[in-house]
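A.B. asks: based on what follows, work out the 3D shape:
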Amino acid sequence: IFSEQDFENPLLNGRQFSEGSRLANYMYTGGLTALWVTQNTRAAVWEALQRRHVYATSGARIVLKFWAEAAGQTVWMGESMAAQPLPVFRVTAQGALRETPQPDGCYHPQSVRMGIDRIEVVRIRKASSDPAGNTQQAMVEDPWKVFMNHDTAASGGSSSVFQVSFVDPDVDAAGSYYYV
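C.D. replies: Numbering: from 1, shown residues only. I've put the predicted structure just below:
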């Protein structure tokens, strides 16, 4: 049996406030996953998942490309490559489509994209051992590099497409991971 008080906050429904706020985390979308596929088929989607050609966003619906080039080889996000010769990392970010507010709460994109004001790169170094056998802990550098977009659009804000390239001269032979 429900009381009027239960209907004032449907998340609580007779529960303690802390339990209701924890429950709210499961009732709202937490983000989106994007895949780079070669074609719009089920097989291509599974291939992209297996190759880890994916990224996620918990904010705006940006379009992101992240790859590395070294010795004539191109490696896309999610793939591995040797640390030598030093790879050149490349990032292209495209702003999310502006949305038209609607009372139904659904996604109604326009054809105009929002600006990208910066690209942040996170580097994670794997745990390793030095020659004496001492273990070095894994290290997360968040952010490791920040690239600000100084290019302005006609509207006066940041441009909607931002491209950067960088090299990590301290690339770790034990393994480093990068994400944008």
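
A.B. asks: with just CA atoms, put whichever helix or strand Thr74 is part of into PDB.
C.D. replies: Taking DSSP states H and E as the criterion, Thr74 maps to strand 73-76. These are the backbone C-alpha positions of strand 73-76, laid out as PDB (Å, rounded to 0.1, in the frame of the first residue of the first chain):
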ATOM      1  CA  GLN A  73      51.800   1.800 -40.500                       C
ATOM      2  CA  THR A  74      48.500   3.300 -39.400                       C
ATOM      3  CA  VAL A  75      47.000   1.900 -36.200                       C
ATOM      4  CA  TRP A  76      43.400   2.900 -35.200                       C
END
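
A.B. asks: where do the strands sit along this structure?
C.D. replies: Using DSSP state E, the strands of the chain run over 32-35, 54-57, 63-70, 73-76, 88-94, 97-99, 109-113, 118-125, 128-129, 135-136, 139-148, 161-167, 176-179.

A.B. asks: as JSON lines, those strands with distance to Ala82, mean pLDDT and mean neighbour count would be great.
C.D. replies: Quick note: C-beta positions are derived from backbone N, CA and C, even for glycine. As requested, these are exported to JSON lines (distance: least, CB to CB, whole Å; pLDDT from 0 to 100; neighbours: other CB atoms under 10 Å):
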{"stretch": "strand 32-35", "distance to Ala82": "26", "mean pLDDT": "89", "mean neighbour count": "13"}
{"stretch": "strand 54-57", "distance to Ala82": "23", "mean pLDDT": "89", "mean neighbour count": "14"}
{"stretch": "strand 63-70", "distance to Ala82": "7", "mean pLDDT": "93", "mean neighbour count": "18"}
{"stretch": "strand 73-76", "distance to Ala82": "9", "mean pLDDT": "91", "mean neighbour count": "13"}
{"stretch": "strand 88-94", "distance to Ala82": "14", "mean pLDDT": "94", "mean neighbour count": "17"}
{"stretch": "strand 97-99", "distance to Ala82": "38", "mean pLDDT": "87", "mean neighbour count": "16"}
{"stretch": "strand 109-113", "distance to Ala82": "36", "mean pLDDT": "87", "mean neighbour count": "12"}
{"stretch": "strand 118-125", "distance to Ala82": "16", "mean pLDDT": "92", "mean neighbour count": "17"}
{"stretch": "strand 128-129", "distance to Ala82": "16", "mean pLDDT": "72", "mean neighbour count": "12"}
{"stretch": "strand 135-136", "distance to Ala82": "21", "mean pLDDT": "74", "mean neighbour count": "11"}
{"stretch": "strand 139-148", "distance to Ala82": "20", "mean pLDDT": "91", "mean neighbour count": "13"}
{"stretch": "strand 161-167", "distance to Ala82": "14", "mean pLDDT": "94", "mean neighbour count": "16"}
{"stretch": "strand 176-179", "distance to Ala82": "12", "mean pLDDT": "87", "mean neighbour count": "16"}
